[in-house]
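Asks: got a structure for you, letters missing:
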């Protein structure tokens, strides 16, 4: 899913975290989103109109009344234009206005006029955020369908520490993307594995592979945006999993097998995108193996087959497997599809490892095969999830 051409109104209120908003707006713009910035009267004290106008290439709205128009209905026009409203930082004042239906400035009047998703990212000192009045207002807004992006914990402007910092930009943009995405996976619990496993040789050496985990992370992010409750069990990754996902590290095949064995019965869908080792050392040296002129021979044994084990407890759950073969890709993929009782088998070429792009073939148990790509792994994740949603 892309934000290209999607229209988001961004309301900025009077809080110190307003200084972060140009960067968050920039993150939206980098995804080709159209942004209309709105400043409250106090917001103008913390964020520069010139900066916001330059970034968005639109005049910043600060008032209900435009001197160039005899009668101003900009709040209605903006409500018709916007596909979502993001309010960040959302102060205690604006939350109270929204909850009580007070409409005495452009932002609060716009809120009442909207029929599209509204997201609020609160940011304030804990002594303002924790009292019953603010908590009750948040509860009212949640009940009405407003998405609340919780504040982060850390150092606050006054020098104290607590849960009052504006949520990280990536988390806010994720919430916007989710609000604008079809929720066709809502109510589904999805277990996704990704990354390469590491098989211990001695305390400092491992046998691993070139997997970066990018495909699995793309699947996890997009599945969560489409409404799924995602658990990501991962091996070694080239980049950290997003903090807004439930991520469980499992570096070895044995560790990953244990996590899948425990979590699979509680999920509706298993996506095995991890690059799991086929072999593991029969024994692990207790000390670092010294360099030897004659070389070293390792005794390897077959590693656990996580997907095969999961297939024995499939029941009515959906299983999506991944396969990577250099030769006879189609034959090997169809064989694995049947043997592992997969509903869908994603066949990767070797060139996909470590790359930002891939070319896939999706094999289904009805005998169909769909070739995709070359394409980015984010686009591939979208296509795979489309097939999963249709199962």
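Replies: Ah, there it is. Only a predicted model underlies this, so the values are computations on that prediction, with no experimental measurement involved.
Asks: gap between the closest residue to residue 89 other than its chain neighbours and residue 13?
Replies: Nearest residue to residue 89, sequence neighbours excluded (CB to CB, 6 or more residues apart in numbering): residue 123, at 3.5 Å. Using the backbone N, CA and C atoms, a C-beta is placed for each residue, glycine as well. Between residue 123 and residue 13 the computed distance is 9 Å (CB to CB, to the nearest Å).
Asks: so what sits against both of those two?
Replies: 89-91 (CB atoms under 8 Å, 6 or more residues apart in numbering).
Asks: hang on, the earlier thing: right, and the residue nearest to residue 89 touches residue 21 too?
Replies: No - using CB atoms under 8 Å, residue 123 makes no contact with residue 21, being 10.3 Å away.
Asks: about what we covered before: the more surrounded of residue 123 and residue 13?
Replies: residue 13 (29 against 26; other CB atoms under 10 Å).
Asks: which ones are touching the nearest residue to that one once chain neighbours are set aside?
Replies: Closest residue to residue 13 apart from its sequence neighbours, by CB to CB, 6+ apart: residue 91 at 4.4 Å. Applying CB under 8 Å, 6+ apart, we find residue 91 in contact with 13-15, 42, 122-124.
Asks: can you pick out the most distant pair from those residues?
Replies: 42 and 122 (15.1 Å; CB to CB).
Asks: those two: which has the busier surroundings?
Replies: A count of neighbours by other CB under 10 Å puts residue 122 above the other of residue 42 and residue 122, at 29 against 16.
Asks: OK, contacts around that one?
Replies: Contacts of residue 122 (CB under 8 Å, 6+ apart): 89-92, 95, 129, 138, 148-151.
Asks: the stretch 101-250 of the chain: strands as residue ranges?
Replies: 118-122, 147-148, 152-155, 161-165, 189-194, 199-202, 205-207, 229-234, 246-249 (DSSP state E, counting those that start in this stretch).
Asks: still on that earlier bit, residue 254: which of the contacts of residue 122 is nearest?
Replies: residue 150 (35.1 Å).
Asks: what about the helices in this protein?
Replies: Counting by DSSP state H, the chain has helices at residues 21-30, 49-56, 74-81, 92-100, 106-113, 126-129, 132-143, 169-179, 214-225, 253-263, 306-311, 329-339, 377-390.
Asks: let's have the contacts of residue 91 in JSON lines, adding pLDDT and distance to residue 54.
Replies: Output for these, formatted as JSON lines (pLDDT from 0 to 100; distance: CB to CB, whole Å):
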{"residue": "13", "pLDDT": "97", "distance to residue 54": "21"}
{"residue": "14", "pLDDT": "95", "distance to residue 54": "21"}
{"residue": "15", "pLDDT": "93", "distance to residue 54": "22"}
{"residue": "42", "pLDDT": "96", "distance to residue 54": "22"}
{"residue": "122", "pLDDT": "97", "distance to residue 54": "27"}
{"residue": "123", "pLDDT": "95", "distance to residue 54": "23"}
{"residue": "124", "pLDDT": "93", "distance to residue 54": "28"}
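Asks: for burial, what's the neighbour tally of the nearest residue to residue 191 once chain neighbours are set aside?
Replies: Spatial nearest neighbour of residue 191, excluding adjacent residues (CB to CB, 6+ apart): residue 267 at 4.2 Å. Other residues lying near residue 267 total 20 when counted by other CB under 10 Å.
Asks: show me the contacts for residue 267.
Replies: Shown in contact with residue 267 (CB under 8 Å, 6+ apart): 189-191, 231, 317.
Asks: give me the buried subset of these.
Replies: 190-191, 231, 317 (16 or more other CB atoms under 10 Å).
Asks: mind listing what the closest residue to residue 193 other than its chain neighbours touches?
Replies: Nearest non-adjacent residue to residue 193, counting by CB to CB, 6+ apart: residue 274, 3.7 Å away. When contacts are counted by CB under 8 Å, 6+ apart, residue 274 touches 193-197, 211, 213, 216, 233-235, 256, 306, 322.
Asks: nearest to residue 78, of those?
Replies: residue 216 (39.1 Å).
Asks: look at that closest one and report its pLDDT.
Replies: You'll see residue 216 listed with a pLDDT of 97.
Asks: what's the answer for residue 70, then?
Replies: 54.
Asks: how about the one 3 residues further on?
Replies: Residue 73 is assigned 82 on the pLDDT scale.
Asks: give me the number of residues near it?
Replies: 13.
Asks: one step back: from residue 55, how far off is the residue nearest to residue 13?
Replies: Taken as CB to CB, the span from residue 91 to residue 55 is 22 Å.
Asks: one more: residue 300?
Replies: 55 Å.
Asks: compute the number of surrounding residues for the closest residue to residue 250 other than its chain neighbours.
Replies: Distances taken as CB to CB, 6+ apart put residue 256 closest to residue 250, at 4.0 Å, once the chain neighbours are dropped. Residues within reach of residue 256, counting by other CB under 10 Å, total 26.
Asks: need the contact list for the most centrally placed residue in the chain.
Replies: Nearest to the mean C-alpha position of the chain, by CA atoms, centre = their mean, lies residue 221 at 3.0 Å. When contacts are counted by CB under 8 Å, 6+ apart, residue 221 touches 174, 242, 245, 381.
Asks: the second one reaches residue 169, doesn't it?
Replies: No - using CB under 8 Å, residue 242 and residue 169 do not qualify as a contacting pair, with a distance of 11.6 Å.
Asks: joint contacts of those two?
Replies: In contact with both residue 242 and residue 169: no residue, using CB under 8 Å, 6+ apart.
Asks: sweet, I'm off.
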